[in-house]
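1. Quick one: sequence plus predicted model below, questions after.
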Amino acid sequence: MYLSVAHQLQVTDQMPKLLEAVEQLRVPDGSEDNRTGDHWMVRRVAAAFLRANRERFAPFMVVEDGQNMPQDAQFEVYCDAVADSAEWGTHLELQAISGALKVPLTVYKAGAEKIIASEDGAEGEALELSYHRHMYSSGEHYNSVVRS
């Protein structure tokens, strides 16, 4: 998902929105752990926005095996995974990306209504993704939609 969002930012000439969010949220550049690609920056921006808006997002976060953890610890584990792992993103992270970048996202799914993830202040051309529940053997997947 994060790679698809980064691709959409590139093809819609909206990469400056990512750079603005990096600066506004004070997101580290990733050089300390060699994770410097645009998709890693999208991940870190999403995590920083989640942390900055804890009260809105924490009630909807689920951490596997987090039953015995305090809610604050679960929240931090979840945000750390968003920022620095290869775990797949969810609608929650799409909302965070929309809010951080101030851009609407449209998600298309075969046989379903399109889903629009749009936080307050989101404007301009929507980033478009397609959602595939069973496209790969590893499970759910998002692709960047490129119009011809």
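-> Sure, I can see it.
2. Report the central residue of the chain.
-> Centroid-nearest residue in the chain, with C-alpha atoms, centre = their mean: E93, separated by 3.9 Å.
3. Go ahead and confirm that one touches V5.
-> No - here E93 does not reach V5: they are 9.1 Å apart, not a contact under C-beta atoms under 8 Å. All C-beta atoms are positioned from the backbone trio N, CA, C, and that covers glycine.
4. buried stuff in stretch 4-18?
-> For stretch 4-18, the neighbour count (16 or more other C-beta atoms under 10 Å) marks 4-9, 12, 14, 17-18 as buried.
5. So which of those residues sit within helices?
-> Per DSSP state H, helices hold the following members of the buried residues of stretch 4-18: 4-9, 17-18.
6. can you put those residues in TSV and add distance to L129 and pLDDT?
-> Converted to TSV, these look like this (distance: C-beta to C-beta, whole Å; pLDDT from 0 to 100):
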residue	distance to L129	pLDDT
S4	5	95
V5	7	96
A6	11	96
H7	9	96
Q8	7	96
L9	12	97
K17	16	96
L18	15	95
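7. Go through the chain and flag its longest strand.
-> strand 127-136 (DSSP state E).
8. Just the CA atoms of the helix or strand just after that one, as CSV, please.
-> The first helix or strand that comes after strand 127-136 along the chain, using DSSP states H and E, is strand 139-144. Provided in CSV are the C-alpha atoms of strand 139-144 (Å, rounded to 0.1, in the frame of the first residue of the first chain):
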residue,chain,number,x,y,z
GLY,A,139,-3.2,-12.0,0.9
GLU,A,140,-4.5,-8.5,0.4
HIS,A,141,-2.8,-6.0,-1.8
TYR,A,142,-3.1,-2.4,-3.0
ASN,A,143,-2.0,-1.2,-6.4
SER,A,144,-1.5,2.3,-7.8
